[in-house]
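Chemist: sequence and computational prediction follow.
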There are 2 protein chains.
Amino acid sequence: MLARGQNVPTIEQAADFVERRRPEVATLLISRSVLLGSADNFLKSFPGGTLYAVKANPHPEVLACLGASEIAGFDVASIEEAESVRTVCSSKPLHYSHPVKATASIRDAYKIGIRHYVVDSEVELDKILACVSRPLSIAVRLKTPEKSGTYDFNTKFGLHPAESVPLIKRIIDAKVEWGLTFHVGSQCKHPKAFSAAIHVCHSVIENLGKMPGYLNVGGGFPVAYGQERSDLTAYFVEIKAACSRMPRVPLLCEPGRALVAESGTLVVQVIGRADDRVFLSDGVFGSFGEVNYSKIQMTPYHLTRASAVPSLAESEFRVFGPTCDSFDELDQRLLLPATIKEGDWLIFPMMGAYSNALASRFNGFRLPSVELID
Amino acid sequence: MLARGQNVPTIEQAADFVERRRPEVATLLISRSVLLGSADNFLKSFPGGTLYAVKANPHPEVLACLGASEIAGFDVASIEEAESVRTVCSSKPLHYSHPVKATASIRDAYKIGIRHYVVDSEVELDKILACVSRPLSIAVRLKTPEKSGTYDFNTKFGLHPAESVPLIKRIIDAKVEWGLTFHVGSQCKHPKAFSAAIHVCHSVIENLGKMPGYLNVGGGFPVAYGQERSDLTAYFVEIKAACSRMPRVPLLCEPGRALVAESGTLVVQVIGRADDRVFLSDGVFGSFGEVNYSKIQMTPYHLTRASAVPSLAESEFRVFGPTCDSFDELDQRLLLPATIKEGDWLIFPMMGAYSNALASRFNGFRLPSVELID
C-alpha cells in the first residue's frame, strides 16, 4: 500500500490538470501507476489470488488497467458489471459473489462464462442448480463472528455456520466444486476480524471432514483516509497465521476500496461562497455519496485559479454540493483558506472508491468526468 | 389533488402492464392524466402562477406533459435541467431558482433565455449583475420563521429578512425587477408555515415601502403517502388569507413533489427471498433513494406471477434492494403476503417524485425504466 507521501505526485498531477484544463465539471483523475501499485501490494503480500470488486469503481479504464495486471480476476455484483469487465478483459475469471441474484441473471451469467457463484440459502442454491450446467463452483457465504467493519454485512447476507453444513453437502452431492466465503465489512479496522472468520470456516471444514476448493476471505481491507499511510501488513500477517493453523486451502480475496481508492483524485471547483458556506461543483448526490455515511475524513488541497500561493490563514467552512437539496452538505466542516472564492479548485486525494460509482444526476448535474493522469 | 381512491385505476394499469410485459427491470409508470389532474388542482386553487420544480422528476415525458398544460413555467436548478425543458417546451418561462450558481451557468442560462433568478447574498447578486443584461428579474430568498418541513432548507439557503433590505435596494438601483421568495421545506405538514413566511415577506415590503414584482411561495406542498387522500385545500386557504392582509402582489409557487408524486407508480420484481428477507429489483441506490431519509411510509400492492389471487396471510418482511451494499435496505418493514417469492411483482403507488431523479447505477444495475400508461 502506498504511503500518504506517495500521493504527492498525484496531487501535483491534479494541480497540473487544473492548470491545463480549468475544469468546471467535477473530474476524477485516475493514476494507473498508483492503481497498479495497490494491486502489486496484494500480489506480493496476500497469500492467494486477488479479485477486484468492480462495484468500488466500474470505470472502463480502471477495469482495463486491472485486467492487464496480474490480478486473478474480478468480483462482480450484477450482469452489467460482468459485461463491463468483458468489454475490456476477455480472459480473467469472474466471480458472481452477490448471494442473491435473479434467476434470469444467473442464466445470463453462465452464458457469458461465469463459473463461480455464491449462495447463502437453500433457495439460492436451488436457483443456480436449476438453470446452469457444469463446470461450476459455488461458495457458501458465512456470517462472521461480530461486527468489525464500518459497514455490517452480516444483517443482509450470510448463513450461520451451523446451518451451512447441509447446504455444503447438497453442493457436494450435485458434483459441484464448493468453497467458503465471508465479508468482514467494509473499512474493517481489526485484522483479527479476518482470523476470527477464518477460524469459523475452519470449524465448518472440520465438521464436514472435507476440504473446500477455495476459501475467499472477501473484502473489507481498509484505506487510511487522511492518515499518514495505509498499511495492510497486519491484515496479511493475521490471515497467514490463521491459515497456518488449518489444512492448506487455496485462498482468494476481493478488495475493492483497497485497490482503487488511492488511485483516484477528485478535482472540484468552488461555484459559490457566502460567509462560511462554500458550494462545490460536486456533492453528496455526486462523488461524495459515501463520505457522509462512512464518516471518511476529507483532507482536501486548495488551489487558486491563477496558481497563486493560497492564503495561509484558514477557516472552518460548511461545504455544500451544487444541488438545491438540504441534504447536499458534507457532515464535516473543512479547514480551507479564509480567502477561498468562486473559481478556486479543491483537490481531494483518495477518492477512487465509491465516488463515481455512486453518483446520480440529481438536479440535472452531469456525472463526474473520469480522466487518466498516467 | 387526487384522492387515494383515484389511484386505483393507476394500480390496475400497473397490474395490466405487468401482465403484458413481465418487467425484470424496475419500471416507473407515469400516468399523464393523473399528472394533469395534479396540475389542474394548482391551476384551479392556487391564487397565482404554478411553476413545476423539475428536480422532482426530470423525465422528458413529464416535462412534455406539463409543458403542454396551462402551468406558468418551470423552476430549474441547473443548466442541464433548463436544456431538458427547452427540448420539449420552447415557450414557457424558466425560473433559475437555485440561490448559488456558477458564473458560467448564469451566463449560459441567460443565453438560453432565462430571465428569472434568485439570490440570497451580495456575492450572488454581483455575479448575476456582472454577466447578464436586461430584461432581468431577481428574487431574494428569505429564511422562513421556523423549521416546518420534513427537510429544513433554511440552513443552506436564505437571507435573514433584516439583511434583505440593502440587497433589494441594490436590485432596484440596478433597474432590475425584484421579487421575494422562500421555501418552507419539502413535505411541509403545517399550512401556517406558508402564512408565517408570507408575513415575513410583508414586513420586508413594508420596511422598504416598495412593492415587489412578484412573491414566490416556493414548494413544500405535501403528498399524503399511504393516506386516504392528499388535500391541499388548507394550504391554499392559508396562503390566500395571508395575502389578503397585505397589498396585492402577483403570486407564484414551485411545487415538484405535489405535482408529480401521484402520477408515478413503480413496478419492481422480487429477485430473491430467504426467510423474512425479500430482495427487489430496485432499492435505496435506485428509485428508493429518498424513502429512508424522508420516512415515507410505503404501501405496496402485491401481484403474483400468474395473476393468481395472492395469499391473504401476511407477514412482516425486511426489504432489500438488488445491490450487495448493507445500506441497501428499506428502514421500514413491509407487510407482504407470507407466500411471496422470486418472480412476484410489487406495485408501489405515489412514487413519481424523487425516485428516478435520484437513481444511480451502483453495482451496475440499470436505471429504472420510465413508461407512460396513459
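Modeler: Looks like it arrived, so ask away.
Chemist: need the contact list for the residue nearest to A:D331 when sequence neighbours are not counted.
Modeler: Nearest residue to A:D331, sequence neighbours excluded (C-beta to C-beta, 6 or more residues apart in numbering or on different chains): A:N292, at 4.8 Å. Bear in mind the C-beta positions are built from the backbone N, C-alpha and C, glycine included. Applying C-beta atoms under 8 Å, 6 or more residues apart in numbering or on different chains to A:N292 gives the contacts A:V284, A:L330, A:D331.
Chemist: would you agree A:N363 is in contact with A:F327?
Modeler: No: between A:N363 and A:F327 there is no contact, the gap being 11.7 Å when judged by C-beta atoms under 8 Å.
Chemist: residues near the residue in the stretch 251-374 of chain A positioned nearest to chain B, how many?
Modeler: Residue of the stretch 251-374 of chain A nearest chain B, by C-beta to the nearest C-beta: A:G364 (3.4 Å). For A:G364, the count of nearby residues is 21 (other C-beta atoms under 10 Å in any protein chain shown).
Chemist: who are the contact partners of it?
Modeler: Per C-beta under 8 Å, 6+ apart, neighbours of A:G364: B:V54, B:K55, B:P58, B:V76, B:A77, B:S78, B:I79, B:E80, B:E81, B:S84.
Chemist: from those, which single one is nearest B:T27?
Modeler: B:P58 (17.1 Å; C-beta to C-beta).
Chemist: quick one: the residue of the stretch 251-374 of chain A closest to chain B and A:G220, what's the gap?
Modeler: Taking C-beta to C-beta, to the nearest Å as the criterion, A:G364 is separated from A:G220 by 36 Å.
Chemist: that older thread, any idea which of the contacts of A:N292 has the most stuff around it?
Modeler: So for the contacts of A:N292 (other C-beta under 10 Å), the most neighbours sit at A:V284, 24 neighbours.
Chemist: was I right about that residue contacting A:S326?
Modeler: No: A:V284 is beyond contact range of A:S326, at 10.4 Å (criterion: C-beta under 8 Å).
Chemist: pLDDT below threshold where in chain A?
Modeler: For chain A, applying pLDDT under 70 flags the ranges A:1-8, A:146-155, A:228, A:304-311.
Chemist: how is chain A divided into domains?
Modeler: A:33-260, A:261-372 (automatic domain parsing).
Chemist: chain center to stretch A:290-297, what's the gap?
Modeler: For stretch A:290-297, the separation from the chain centroid amounts to 14 Å (computed by C-alpha atoms, centre = their mean, to the nearest Å).
Chemist: which positions in that stretch come out as buried?
Modeler: Within stretch A:290-297, the residues that qualify as buried by neighbour count (16 or more other C-beta atoms under 10 Å in any protein chain shown) are A:E290, A:V291, A:S294, A:I296.
Chemist: quick one: the last one and A:S186, what's the gap?
Modeler: So that's A:I296. Counting by C-beta to C-beta - A:I296 and A:S186 are separated by 11 Å.
Chemist: next: the second one.
Modeler: Distance from A:V291 to A:S186, counting by C-beta to C-beta: 13 Å.
Chemist: so which residues of the stretch 101-250 of chain A form helices?
Modeler: Along the stretch 101-250 of chain A, counting by DSSP state H, counting those that start in this stretch, helices occupy A:103-111, A:122-131, A:161-173, A:191-208, A:233-244.
Chemist: and the ones you listed as JSON lines, adding mean neighbour count and distance to B:E24?
Modeler: Formatted as JSON lines, the helices of the stretch 101-250 of chain A follow (neighbours: other C-beta atoms under 10 Å in any protein chain shown; distance: least, C-beta to C-beta, whole Å):
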{"stretch": "helix A:103-111", "mean neighbour count": "18", "distance to B:E24": "6"}
{"stretch": "helix A:122-131", "mean neighbour count": "18", "distance to B:E24": "14"}
{"stretch": "helix A:161-173", "mean neighbour count": "16", "distance to B:E24": "27"}
{"stretch": "helix A:191-208", "mean neighbour count": "19", "distance to B:E24": "34"}
{"stretch": "helix A:233-244", "mean neighbour count": "17", "distance to B:E24": "39"}
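Chemist: please tabulate those in TSV, including the columns distance to chain B.
Modeler: Formatted as TSV, the helices of the stretch 101-250 of chain A follow (distance: least, C-beta to the nearest C-beta, whole Å):
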stretch	distance to chain B
helix A:103-111	6
helix A:122-131	6
helix A:161-173	11
helix A:191-208	15
helix A:233-244	20
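Chemist: who's in contact with A:R115?
Modeler: By C-beta under 8 Å, 6+ apart, the neighbours of A:R115 are A:P93, A:P135, A:L136, A:S137.
Chemist: who wins for proximity to B:S355 among the helices of the stretch 101-250 of chain A?
Modeler: Among the helices of the stretch 101-250 of chain A, helix A:103-111 sits nearest to B:S355 (C-beta to C-beta), with 22.4 Å.
Chemist: what's the end-to-end length of stretch A:278-298?
Modeler: Stretch A:278-298 has an end-to-end distance of 15 Å (C-alpha to C-alpha, to the nearest Å).
Chemist: contact partners for the nearest residue to A:H202 once chain neighbours are set aside?
Modeler: Among residues not flanking A:H202 along the chain, A:M246 sits closest, at 4.2 Å (C-beta to C-beta, 6+ apart). Going by C-beta under 8 Å, 6+ apart, A:M246 touches A:I198, A:C201, A:H202, A:I205.
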